[in-house]
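Chemist: Quick one, fold the following:
(one chain, ligands or ions: 1)
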Amino acid sequence: MISAQQTGDRHLFFDHMLLTGGFARDVRLTIQGGVIAAIEAGVAAESGDERHGCGLPGMPNLHSHAFQRGMAGLAERRGPSGDSFWTWREVMYRFLDRMTPGDVRAVAALAYMEMLEGGFTRVGEFHYLHHDFGGRPYADLAEMSHAIAAAAGESGIALTLLPVLYSFSGFGAQPPQPAQMRFVMDIHRYGRLVEAADAAIRDLPDAIVGVAPHSLRAVSPEQIDALADLGAGRPIHIHIAEQVKEVADCLAWSEQRPVEWLLNHAPVDSRWSLVHATHMTPDETVALAKTDAIAGLCPITEANLGDGLFPAETFLTARGRFGVGSDSNVLIDASEELRLLEYGQRLLHRGRNLLAGGEGRSTGADMYMAAVDGGAAALGAASGLTVGAPADIVSLDIRHPSLAGKSGDALLDAYVFAAGRSAIDGVWRRGEQLVSGGRHRKRHKIVADYVATLGRLTA
Ligand code: ZN
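Modeler: This is a model prediction of the structure:
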């Protein structure tokens, strides 16, 4: 008989585990080469199995700007008048204007490490900081993509890299502002960047490259057509309808609202993720749900920036699909994204359990499973814990006081609404345990690099 050691098989045993059909008890996973080779439920643990409490599929983080982690807390001081998304953006532009590829790598590594500690196992990096100071292209067009890939490799998180096309400062092809020159390129250079990004991620397991027109204000209709072709077979992400001013500018330009315009002019389907989609009419909300595209929701950042509330109840009633993202990375916590998503709806509608799938259903479990599914689809990855998928797992400590006495869906209600990330004890990527006792195994080095980098950037 061949032993587990000889085949390289590993076995993880969970008292409770969220599989694609729901929670199961006494689940034994066989992992070969980082991939789930077998799932057995209702079985006894065997000697040599690693035993854990409650296993969940890792949450995909479908929208991140990793470098913005470095300015978390730097834009919370009141300015002379009317602080808004747009004044925040000026702070952000000043911050990024000092960053080298080495700085981006150090800051992104911290963000990705915190994502793993906070329950995320894959990140969609919406990456638009491409060029050197003043907008000069680096000798290697994908220099910054290499920095992102290196940070993903150091942390161990799975990467969906979304190089961003950014050409204009406003609707109607307005010329870019000086502060935007590090992002700007035309469609031809962008095609070369996507090829170079493919090469940059080649050695990262499970990595994917998608395409991303930044927003309707930063690209032209012709460029959106070109990207839809260029991105054949790849995920396509776009920022949309995040701000009321953006809706007003779009109406002035086209007499249509942003989501309305996109659905009328682009072949939006399940390959697409519309990030934010905050400001929609009920008709737009239902129309978006019907396309099967993913709504990319970032409740913590949307609250931090004062964007507004996504019409989640209407969208989910129309069977819309969504995932969550940490976007500005001002605070990184998968459970808190879900909690704030539901709480926004409770405050708006003065009701409770608004995003549960129906009577008797668990809000925490329904939101968690929907966000795993939608997030994975958005990032071009396998969804959940199934045979053949990478063993990307988050474990909750069932001895945590908030989880005491719970089983099944109630564990997710306790995680999302009560314990939060303090209940996370282990995180695995491709079967390799990166987080133990809530801490990433490279935390010491990654934090030291980050602190040194921030010291220079804020000097
Ligand atoms: Zn964003």
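
Chemist: The closest residue to G58 other than its chain neighbours: what secondary structure?
Modeler: In space, and not counting its chain neighbours, G58 is closest to T121: 2.6 Å by CB to CB, 6 or more residues apart in numbering. For the C-beta atoms, the positions are set from N, CA and C on the backbone; glycine is no exception. Assigned by DSSP: H, G, I helix; E, B strand; the rest coil, the conformation of T121 is strand.

Chemist: mind checking how far T121 is from R361?
Modeler: 25 Å (CB to CB, to the nearest Å).

Chemist: neighbour count winner among the two?
Modeler: Between T121 and R361, counting by other CB atoms under 10 Å, T121 is the more crowded of the two (30 against 12).

Chemist: check contacts around that one.
Modeler: 58-60, 157-158, 392-394, 427-429 (CB atoms under 8 Å, 6 or more residues apart in numbering).

Chemist: coming back round to it: and the residue nearest to G58, how far from G374?
Modeler: Between T121 and G374 the distance is 15 Å, computed by CB to CB.

Chemist: can you give me the strands for the stretch 351-459 of the chain?
Modeler: 393-396, 424-429, 432-436, 439-440 (DSSP state E, counting those that start in this stretch).

Chemist: TSV for the ones you listed, including mean neighbour count?
Modeler: As requested, the strands of the stretch 351-459 of the chain are exported to TSV (neighbours: other CB atoms under 10 Å):
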stretch	mean neighbour count
strand 393-396	26
strand 424-429	24
strand 432-436	17
strand 439-440	18
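
Chemist: mind putting those in CSV, mean pLDDT included?
Modeler: Shown next, in CSV, are the strands of the stretch 351-459 of the chain (pLDDT from 0 to 100):
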stretch, mean pLDDT
strand 393-396, 98
strand 424-429, 98
strand 432-436, 98
strand 439-440, 98
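
Chemist: Quick check: which of the ones you listed is nearest to F133?
Modeler: strand 439-440 (31.6 Å; CB to CB).

Chemist: So what's the gap between the closest one and the chain middle?
Modeler: Relative to its parent chain, strand 439-440 has a centroid offset of 19 Å by CA atoms, centre = their mean, to the nearest Å.

Chemist: all strands for the stretch 1-150 of the chain, in order.
Modeler: Under DSSP E, counting those that start in this stretch, the stretch 1-150 of the chain gives strands at 10-19, 22-32, 35-41, 50-57, 59-64, 120-127.

Chemist: helices or strands next to the shortest one in the packing?
Modeler: In terms of contact count using 3 or more CB pairs under 8 Å, 6 or more residues apart in numbering; DSSP states H and E, strand 59-64 is assigned the packing partners helix 101-117, strand 120-127, strand 272-276, strand 294-297, strand 321-324, helix 363-378.

Chemist: Now render those as JSON lines, adding mean pLDDT and distance to L385.
Modeler: What follows is those, written out as JSON lines (pLDDT from 0 to 100; distance: least, CB to CB, whole Å):
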{"stretch": "helix 101-117", "mean pLDDT": "98", "distance to L385": "17"}
{"stretch": "strand 120-127", "mean pLDDT": "98", "distance to L385": "11"}
{"stretch": "strand 272-276", "mean pLDDT": "98", "distance to L385": "22"}
{"stretch": "strand 294-297", "mean pLDDT": "98", "distance to L385": "20"}
{"stretch": "strand 321-324", "mean pLDDT": "98", "distance to L385": "17"}
{"stretch": "helix 363-378", "mean pLDDT": "98", "distance to L385": "9"}
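
Chemist: Appreciated, that's everything.
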